[in-house]
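**Student:** Prediction below, plus the sequence it came from.
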Protein chains: 2
Amino acid sequence: MDFLWEGRAQPTRGPKPTLSIERIADTGIAVADAEGLAAVTMQRLAADLGFTKMSLYRYVTGKAELVALMVERAIGEPPASGTTDWRAALKQWAHQLLAAYLRHPWALEAILGPRPIGPNELGWMERAVGILPPTGLTGSERLDAIAVLAGHIRSIAQQSMASPRPEGDFTAMVGEQLRRHGDRFPALVATMAAAAADGGHDQAFEFGLDRILDGLDILIAGRLRSGS
Amino acid sequence: MDFLWEGRAQPTRGPKPTLSIERIADTGIAVADAEGLAAVTMQRLAADLGFTKMSLYRYVTGKAELVALMVERAIGEPPASGTTDWRAALKQWAHQLLAAYLRHPWALEAILGPRPIGPNELGWMERAVGILPPTGLTGSERLDAIAVLAGHIRSIAQQSMASPRPEGDFTAMVGEQLRRHGDRFPALVATMAAAAADGGHDQAFEFGLDRILDGLDILIAGRLRSGS
DNA sequence: AGAAATAGTGTCCGCCGGACACAGTTATTA
DNA sequence: TAATAACTGTGTCCGGCGGACACTATTTCT
């Protein structure tokens, strides 16, 4: 349950371990980066490491624990902040977290559903809540604000997941279906045509981020006005 | 590829099929609702239906297709809108979509990554973009606005996923780790304490929704002012 | 009365996560 | 120094998964 927090107490007797949790997790990360999370199997990692499958179970109690370790290492520690302005700092934080997800898209798959929380994941949250205090929001509001941002980041990262085949692209797929059944979706057809006419390049992340920050700004400005 | 759009042309010769795609998908939905997506196996569905596993492959080319069908049926058609005010309509849409996800939490798992898009999914998008036109936003902006909302909804639904065991709850898990390693996360500890002191009940969805809509409101108001 | 196409079954395969017993290695203890 | 306890890595085995394929039984068209 807390294997993400304290390292195993290393035993005194017995042969020296040749492998390490870190090497196994890093191999898993490399495989997942290159071929996706589905390619991460005990067999595969053992083969890449030159060991047998069962030897890995000396370092990891099961696959769930392995994946949790991979996520924790892949996400890493949050970089330090550069500004004190809450809006600029949150924007920077969002960009950094998005970059981390884009480096390891499989992590989105791995963090679905209830799972143990590691120090790095908590570190990212810590950095974010550390930005907000001087803004006059309540504790719940600060947590909720970060939840919105984190959700937007995950959502965009998920949408940007590189698809192995070109026909997996979401907008292309929508376009294809609209070409066939456009009569059933008139507003969508019109909007996508308009989007293709204007700039049309992919700004979904920046757009959503700016809207959320604008919305927070209003709330914060109101609080500061009524509070002072 | 378009099995979600047109029904199979039914053959003339041969025995009458006893099963149907719909019955199979509905059985899958029932199993997934009750025991999660992992419990949905060909063997299990066949057993529940009183047939052999391989008989299902007469109706469905593989498990991926089955899951796509399950999602399409589970999400269903979007309900009709009640208002013409864009903000109220978007809010209603968001609540309806969230409710749909909460009814079938496993759908979040199933819609990760590139996948075929069905008419119902496109219907939800159609309804959303149909709300926005009279707001002065460009085509790209309207699509991006919906993407932010959809992301927030998915994110909240994912966070609210009922965990089988009580210790799977996210905030509880965070609290537990903070109790042990709180010294490393001072801002987080302070914020969670503050959140427990104020109302503290779960308003993450409404909070984020209102922030996003506020942010959109600013942009729209600005466009209308400069446009007229 | 074929012949052709289909529905459902039974068997088989490779791959997966993982339990378990075993042999070899190392530090402690008698 | 010899015995022993603890540990590492291996080999074997299991149940369950998705799915390929051959086979029989059924239905309809020629």
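**Tutor:** Received it, and whenever you're ready, just let me know what you need.

**Student:** Who are the contact partners of the closest residue to A:Lys63 other than its chain neighbours?
**Tutor:** Distance criterion C-beta to C-beta, 6 or more residues apart in numbering or on different chains; nearest residue to A:Lys63, sequence neighbours excluded, is A:Met42 at 6.7 Å. In this view, the C-beta of every residue, glycine as well, is placed from N, C-alpha and C. By C-beta atoms under 8 Å, 6 or more residues apart in numbering or on different chains, the contact list for A:Met42 reads A:53, A:56-57, A:63.

**Student:** Find the least confident helix or strand in chain A, judged by mean pLDDT.
**Tutor:** helix A:170-181 (a mean of 91; mean pLDDT, DSSP states H and E).

**Student:** And it, what's buried?
**Tutor:** A:170, A:173-174, A:176-178 (16 or more other C-beta atoms under 10 Å in any protein chain shown).

**Student:** hmm, who's touching the one helix or strand A:Arg23 maps to?
**Tutor:** Assigned by DSSP states H and E, A:Arg23 falls within helix A:21-35. Residues outside helix A:21-35 that contact it (C-beta under 8 Å, 6+ apart) are A:8, A:39-40, A:44-45, A:48-49, A:56, A:59-60, A:66-67, A:69-70, A:73-74, A:103-104, A:106.

**Student:** Of those residues, just the buried ones, ChimeraX syntax please.
**Tutor:** A single ChimeraX command suffices to select whichever of the contacts of helix A:21-35 are buried according to 16+ other C-beta under 10 Å:
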select /A:40,45,56,59,60,66,67,69,70,73,74,104,106
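
**Student:** surely A:Ala89 meets A:Thr83?
**Tutor:** Yes: contact criterion C-beta atoms under 8 Å: A:Ala89 and A:Thr83 qualify, at 5.0 Å.

**Student:** among the contacts of helix A:21-35, which are in reach of DNA strand D?
**Tutor:** Contacts with DNA strand D within the contacts of helix A:21-35, counted by C-beta under 7 Å from any atom of the strand: A:Tyr59.

**Student:** where does chain A come near DNA strand D, residue by residue?
**Tutor:** Checking chain A against DNA strand D by C-beta under 7 Å from any atom of the strand, the hits are A:11, A:13-19, A:51-55, A:58-59.

**Student:** could I get the buried residues of helix A:170-181 as CSV with distance to DNA strand C?
**Tutor:** Putting the buried residues of helix A:170-181 into CSV (distance: C-beta to the nearest atom of the strand, whole Å) gives the following:
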residue, distance to DNA strand C
A:Phe170, 28
A:Met173, 28
A:Val174, 31
A:Glu176, 27
A:Gln177, 26
A:Leu178, 31
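
**Student:** Closest one of the residues you listed to DNA strand D?
**Tutor:** A:Met173 (20.1 Å; C-beta to the nearest atom of the strand).

**Student:** correct me, but the closest one touches B:Pro116?
**Tutor:** Yes: counting by C-beta under 8 Å, B:Pro116 is a contact partner of A:Met173 at 7.1 Å.

**Student:** What separation is there between the residue nearest to A:Lys63 and B:Leu143?
**Tutor:** 42 Å (C-beta to C-beta, to the nearest Å).

**Student:** next one: A:Gly76
**Tutor:** A:Gly76 is 32 Å from B:Leu143, by C-beta to C-beta.

**Student:** by contact count, what packs against the longest helix along chain A?
**Tutor:** What stands out as the longest helix in chain A, according to DSSP state H, is helix A:204-227. Packing partners of helix A:204-227 (3 or more C-beta pairs under 8 Å, 6 or more residues apart in numbering or on different chains; DSSP states H and E): helix A:86-103, helix A:139-159, helix B:139-159, helix B:204-227.

**Student:** and the first one with helix A:139-159, angle?
**Tutor:** Using axes from the mean of the first three to the mean of the last three C-alpha atoms, to 10 degrees, the direction of helix A:86-103 lies 40 degrees away from that of helix A:139-159.

**Student:** and the next helix or strand after helix A:86-103, what's its mean pLDDT?
**Tutor:** Later in the chain than helix A:86-103, the nearest helix or strand by DSSP H and E is helix A:106-110. Across helix A:106-110, pLDDT averages out at 97.

**Student:** Quick check: buried residues in whichever helix or strand comes after helix A:106-110?
**Tutor:** Note on helix A:106-110: by DSSP H and E, the next helix or strand toward the C-terminus is helix A:119-131. Neighbour counts using 16+ other C-beta under 10 Å place A:120-131 of helix A:119-131 among the buried residues.

**Student:** before we move on, back to that, for the helix holding A:Arg23, list every residue counted as buried.
**Tutor:** Per 16+ other C-beta under 10 Å, helix A:21-35 contains these buried residues: A:21, A:24-25, A:27-29, A:31-33.

**Student:** Pipe those residues into a markdown table and attach pLDDT and distance to A:Leu213 per row.
**Tutor:** Output for the buried residues of helix A:21-35, formatted as a markdown table (pLDDT from 0 to 100; distance: C-beta to C-beta, whole Å):
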| residue | pLDDT | distance to A:Leu213 |
| --- | --- | --- |
| A:Ile21 | 97 | 39 |
| A:Ile24 | 98 | 40 |
| A:Ala25 | 98 | 35 |
| A:Thr27 | 98 | 39 |
| A:Gly28 | 98 | 35 |
| A:Ile29 | 98 | 32 |
| A:Val31 | 98 | 37 |
| A:Ala32 | 98 | 32 |
| A:Asp33 | 97 | 31 |
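
**Student:** So of the residues you listed, which two are at opposite extremes in space?
**Tutor:** A:Ile21 and A:Asp33 (18.3 Å; C-beta to C-beta).

**Student:** In what element of secondary structure is A:Thr12 found?
**Tutor:** Applying DSSP H and E, one finds A:Thr12 in no helix or strand.
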